Every structure is written in structure tokens, then in C-alpha cells.
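K.L.:
Predicted structure and sequence below. I'll ask about it afterward.
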Amino acid sequence: MYDEYIVHESKNYHDSCYKNNILPKCSVCSLPLEGQYLVDSWSNQYHSNHGEDTGNCNSCTRIISKQTSENGFKLSDNRLVCGVCTKTKIESNKEIEESRDYIIGILSRYGFNNLPEDIPIELRNRDELSKLRGRESAEIRGFTHYNYLYDSRSGEVDESSKTFKIYILNHLPELEFKSVLAHEYLHVWLHINNLDYSSDITEGFCNLAAGLIYEDNIDSKFSRINLDGMLINEDPDYGEGYRRIKSCLDIYGWNSLIGKMRNNNLSCYYN
């Protein structure tokens, strides 16, 4: 009778030795990973059944487990949130206002001046945000509601009547919250300047602000993962629209791009 071996890199291993000492181990259960397995954005390797059992965090995409994400839980709107992201979630008025101050400071640095600092900011779950927006979306993170009146004599918008309210998804970790708030503040800027573009240009342009927050925190792996995700997002507005308007930004810089937005001169977007 002959012993059976598994050959790996020209070396022979008993089956048990190969599984225990050579095969990669699951980040969730520590058992050998045989055959196909999954890898999340944080390089956690795991059996596919763990993804079915616990799922991945809706914010950071980590596979949820005690070992990889300090556990996690499901929210009332069925989002999955890990323990790591929960540590920095924005929820108090003080945290919201500190985030606003940071966002306005960043945006003013790039030419978005005189943004209103008194816009109400409220946290809502995904179902509530979808209802406010008027359509259901599993990806919705924020929504800006605005009101204004028309001057009865001129028929034009009464600029002094414009009011805004920003709604943001609850239970977001700090960096994601700030990126969403920056995105929504560019919606405010567009409305203040009476700029009405197609949804791909509008959302793509606003997503530049979200990218600014991640770029300002590029030492964070969370930021790098989200920036990479924005570059491969297949959504026609938040993905393709963002990449096309970003190509304009890369060519002209912020000052010129802001001028082109004001003057409806975005030929670069269509090239």
C-alpha cells in the first residue's frame, strides 16, 4: 500500500499536513480554505457560507464576525453594520455640527464660499430616506430637500425664500458621514446658484465633494477603499457621471471647473 501525497511547489504533503499548514485559513472560523473562497476589501479570506450567514458591513464591506469586525448587527431597515464602523458612528448634534464645520472648511478651501451654516441636518434610516426621495433605493445615503417661492411680479425665484434641509442615513461611521454631507452640500450650492443639470452631471459633480473628504483622509484604508469603489461604480450617475466630471476636474482644476459649472460650459464632460 502506498501513501498518497498532495504535491505543492514540488513538495509532497500528507492531506492533513497540507490542509493544516499550507492552505490559507478562514478569517472567520480559522479552518482551512479548500477550493473557492471569498475575499473582502480588507483582505479577509472566508468561506462563502459565512457571507450567507452573517453578511458584509454596508459601510466598510468587511465580512462581519468577531475576528474580522468586532461582530455587528442588523438595523431596522435591514442594513448590516459592523462593530468597527459602529465605534465612530455620527449620532449626536455636537458630532453633526463638528462634521459640518469640517465640511464647510474643506469646501471653502476649493472655492465653494459662503455656504449656509444653519441648514438643519437630520438622521434617518434607509426606508425613511427612500420615502423622502420618492423612490426606494438600497444605496441611498443622503437627500437634500429645498423649498423656494416665486416672485409674483417678475415670475422669478425669490432668492431670499430658499430654504434647505439635509437628511443623512443614520448609523454611518465618521468618514462616510462626512463624505455624504459634503455631497449634499454641493447640492445646496447648485440650488443656491440656480444650476439645473441632468442627474448624471449633478450627482457626479456632487460626488467630487465626497471624494475630497476621502482624499483629505487618504491615510485611512476606509478612504482608499471608498475612493477605489467610486472609480468602479457602475451606476450611470454616481459612477459614470462622477468619473466623467472628474476627468474635467483633472484637466482644468477646481477654479475653472466651478466657472464652467456656473456658465453651463461643460464640453469637457462630453468629450
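P.N.:
Thanks, I have it.
K.L.:
did I read that right, residue 111 in a strand?
P.N.:
No. The assignment for residue 111, made by DSSP: H, G, I helix; E, B strand; the rest coil, is coil rather than a strand.
K.L.:
Which residues are in contact with it?
P.N.:
Residues in contact with residue 111, defined by CB atoms under 8 Å, 6 or more residues apart in numbering, are 254-255, 258. C-beta coordinates here come from the backbone N, C-alpha and C atoms, glycine included.
K.L.:
hmm, 10 Å instead?
P.N.:
By CB atoms under 10 Å, 6 or more residues apart in numbering, the contact set of residue 111 is 253-259.
K.L.:
One more: residue 29?
P.N.:
46-47, 49-50, 65, 67.
K.L.:
which among those gets closest to residue 264?
P.N.:
residue 46 (49.2 Å; CB to CB).
K.L.:
Could I get the phi/psi values of that closest one?
P.N.:
phi -160, psi 150 (degrees, to the nearest 10).
K.L.:
swap in residue 142?
P.N.:
According to degrees, to the nearest 10, residue 142 has phi -160, psi 170.
K.L.:
What of the one 5 residues further on?
P.N.:
Geometry field for residue 147 lists phi and psi as phi -130, psi 150, criterion degrees, to the nearest 10.
K.L.:
Could you find the closest non-adjacent residue to it?
P.N.:
Distance criterion CB to CB, 6 or more residues apart in numbering; nearest residue to residue 147, sequence neighbours excluded, is residue 163 at 5.0 Å.
K.L.:
Helix, strand or coil: sort out the one you found for me.
P.N.:
Classification of residue 163 by three-state DSSP places it in strand.
K.L.:
Determine the set of other helices and strands touching whichever strand or helix holds residue 180.
P.N.:
Counting by DSSP states H and E, the element that carries residue 180 is helix 174-192. Helix 174-192 is packed against helix 83-86, helix 93-109, strand 121-124, strand 142-150, strand 157-169, helix 199-216, helix 221-232, helix 242-262, with contacts defined by 3 or more CB pairs under 10 Å, 6 or more residues apart in numbering; DSSP states H and E.
K.L.:
Just the buried residues of stretch 140-153, please?
P.N.:
Neighbour counts using 16 or more other CB atoms under 10 Å place 140-144 of stretch 140-153 among the buried residues.
K.L.:
Among those residues, find me the one that's closest to residue 229.
P.N.:
Nearest member of the buried residues of stretch 140-153 to residue 229, counting by CB to CB, is residue 141, at 12.6 Å.
K.L.:
In contact with that closest one, which residues are there?
P.N.:
58-59, 126, 129, 167-169, 172, 176-177, 179-181, 183-184, 210, 238.
K.L.:
swap the cut-off to 8 Å and go again
P.N.:
Residue 141 is in contact with 129, 168-169, 172, 176, 180, 183, counting by CB under 8 Å, 6+ apart.
K.L.:
again, but for residue 166
P.N.:
119-122, 142-145, 181, 184-185, 188 are the contacts of residue 166 under CB under 8 Å, 6+ apart.
K.L.:
next one: residue 189
P.N.:
Residue 189 touches 107, 112, 115, counting by CB under 8 Å, 6+ apart.
K.L.:
how about 7 Å then?
P.N.:
Contact partners of residue 189, counting by CB atoms under 7 Å, 6 or more residues apart in numbering, are 112, 115.
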